[in-house]
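Engineer: Return atomic coordinates for the entry below.
(one chain, ligands or ions: 2)
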Amino acid sequence: MQPIIELNQVYKDYPQAGGRQTVLHGIDLRIAAGEFVAIVGPSGNGKSTLLNLIAGIDHPSRGEIVVAGHALQNLGNERLARWRGEHVGIVFQFFQLLPALSLLQNVILPMDFLGRLPKRQRRERALQLLDSVGLLGAADRLPSQVSGGQQQRAAIARALANDPPLIVADEPTGNLDSASADSVFDLFSHLRDRGKTLLMVTHNEALADAASRKLEIRGGRLHADSHREPR
Ligand code: ADP
Ligand code: MG
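Structural biologist: Ligands and ions are numbered 1, 2, ... in the order given. Predicted structure coming up:
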């Protein structure tokens with residue numbers, strides 16, 4: 001079966017004073033649809049860079065990245081943005097909700113971007129998604145008017161807006177207290193059970209233990225790759 005994510009000899013360099021810094025050194029990787037993959041490793045070793053390449057937020061310097069049937073290195077920025085809107089839901093450590101929009105409007109935004117659903121249905125779907133993360137009562141609040149845990153749950157609802165097959169998350173519980181982290185954990189476990197492909201950088205042991213596979217990135221290389229029974 002065709003993997004949902006395939007990387008062949010992927011390199012990423014950043015320009016630096018007096019030369020360039022190679023942050024990823026020839027990553028080869030295959031991930032099947034429905035896998036829940038935890039990415040671990042020390043800080044500054046390239047985890048976010050790898051995630052951003054797979055999510056189409058950034059371009060590789062060299063190599064091939066095929067995700068959900070599209071060779072990302074061949075897409076220009078506009079087509080990449082469209083591809084992202086259809087195929088990937090992204091969850092960040094600091095939520096990245098738009099501060100001037102209500103939670104409801106934040107969840108509607110990705111649907112407006114794609115324009116697949118009629119307007120009325122976008123609002124209904126957004127309300128259902130907020131309900132599914134326990135935020136129906138807070139739909140009209142601004143991000144600043146709710147807790148960090150609630151903002152992250154709204155961000156997860158937003159990531160699901162266009163029903164993407166792939167969800168990527170970069171330290172999604174890194175800025176949450178343990179009770180909020182637990183509720184975010186439950187949402188990701190539920191997504192795993194629904195067959196979504198999940199790729200997550202995390203230092204949270206419970207989250208890493210819920211994964212079916214653990215990738216360890218060290219020095220911009222795939223240092224270890226272990227399949228395991230999720231808890
Ligand atoms: P991790 O997520 O594992 O902490 P990152 O992928 O964020 O690591 O960063 C890996 C390395 O790449 C770090 O040395 C970081 O400073 C560098 N880096 C990341 N993003 C950029 C950028 N936009 N420009 C220059 N250097 C960057
Ligand atoms: Mg990081």
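
Engineer: thought Pro165 was touching His87?
Structural biologist: Yes: contact criterion C-beta atoms under 8 Å: Pro165 and His87 qualify, at 6.3 Å. Glycine gets a C-beta too; all of them are placed from N, C-alpha and C.

Engineer: Relative to ligand 2, how far out is Val133?
Structural biologist: 24 Å (C-beta to the ion, to the nearest Å).

Engineer: Tally up the residues packed near Asp193, please.
Structural biologist: 9 (other C-beta atoms under 10 Å).

Engineer: residue contacts, Ile167?
Structural biologist: Residues near Ile167 by C-beta atoms under 8 Å, 6 or more residues apart in numbering: Val88, Gly89, Ile90, Val91, Ala159, Leu160, Phe188, Leu191, Lys196, Thr197, Leu198, Leu199.

Engineer: Which neighbours do Pro165 and His87 have in common?
Structural biologist: What both Pro165 and His87 touch, as defined by C-beta under 8 Å, 6+ apart, is the set Ala68.

Engineer: Pro110 is in contact with Leu98, correct?
Structural biologist: No: in this structure, Leu98 is not within contact of Pro110 by C-beta under 8 Å, at 11.4 Å.

Engineer: Which one of these two is surrounded by more residues?
Structural biologist: Ranked by neighbour count (other C-beta under 10 Å), Leu98 and Pro110 place Pro110 first, with 21 against 12.

Engineer: what does the host helix or strand of Ala179 contact?
Structural biologist: Per DSSP states H and E, Ala179 falls inside helix 178-193. Helix 178-193 is contacted by residues 36, 133-134, 147-150, 152-153, 156, 160, 167, 169, 172-173, 176, 198, 200, 204, 206-207, 210, 230 when judged by C-beta under 8 Å, 6+ apart.

Engineer: Please narrow the residues you listed to those residing in helices.
Structural biologist: Among the contacts of helix 178-193, DSSP state H puts Gly148, Gly149, Gln150, Gln152, Arg153, Ile156, Ala206, Leu207, Ala210 in helices.
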